[in-house]
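In: Provided below are the primary sequence and the corresponding predicted coordinates.
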Amino acid sequence: MAQFDLFAGTDIVQRPARPSEEEIRIRVEGILNALRQATQLPWTDEELRFQRTVVPQMTNWLPSEEADALRTEFLSHLERLSEQE
């Protein structure tokens, strides 16, 4: 007895294993824009821990000079906003 194909007749769209460099830039720029405009940290402690982990990891997929610049800006905004609390 043959096993049925659970996905027969459906179009399965496979996503790439990771986002493109352009998608990463858009996401990081969105985060940086929020920080640029902020007068206080825009996140809860849990969200801040998440961002501190995810942003540096995302930038690792970009060219090294660009990644370094984005991480530096991210950390400088966090430092600026932490001092205002």
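Out: Received it, and whenever you're ready, just let me know what you need.

In: Okay, helices next: where are they in this structure?
Out: For the chain, helices defined by DSSP state H occupy the ranges 21-37, 45-59, 64-83.

In: Adding mean pLDDT, mean neighbour count and distance to residue 14, write the ones you listed out as JSON lines.
Out: For the C-beta atoms, the positions are set from N, CA and C on the backbone; glycine is no exception. Formatted as JSON lines, these follow (pLDDT from 0 to 100; neighbours: other C-beta atoms under 10 Å; distance: least, C-beta to C-beta, whole Å):
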{"stretch": "helix 21-37", "mean pLDDT": "97", "mean neighbour count": "14", "distance to residue 14": "16"}
{"stretch": "helix 45-59", "mean pLDDT": "96", "mean neighbour count": "13", "distance to residue 14": "21"}
{"stretch": "helix 64-83", "mean pLDDT": "96", "mean neighbour count": "14", "distance to residue 14": "27"}
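
In: Nearest residue to residue 41 in space, please, no chain neighbours.
Out: residue 81 (4.7 Å; C-beta to C-beta, 6 or more residues apart in numbering).

In: outside of stretch 24-35, which residues touch it?
Out: Here stretch 24-35 makes contact (C-beta atoms under 8 Å, 6 or more residues apart in numbering) with 19, 42, 51, 55, 58-59, 61-62, 70, 73-74, 77-78, 81.

In: okay, that stretch in CSV with CA atoms only?
Out: This file holds the C-alpha atoms of stretch 24-35, laid out as CSV (Å, rounded to 0.1, in the frame of the first residue of the first chain):
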residue,chain,number,x,y,z
ILE,A,24,18.3,43.0,6.8
ARG,A,25,19.1,46.6,6.0
ILE,A,26,15.4,47.6,6.1
ARG,A,27,14.8,45.9,9.4
VAL,A,28,17.9,47.4,11.1
GLU,A,29,17.2,50.8,9.7
GLY,A,30,13.7,50.6,11.1
ILE,A,31,15.1,49.8,14.5
LEU,A,32,17.7,52.6,14.2
ASN,A,33,15.1,55.1,13.1
ALA,A,34,13.0,54.3,16.2
LEU,A,35,16.1,54.9,18.4
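
In: distance of residue 36 from residue 47?
Out: 17 Å (C-beta to C-beta, to the nearest Å).
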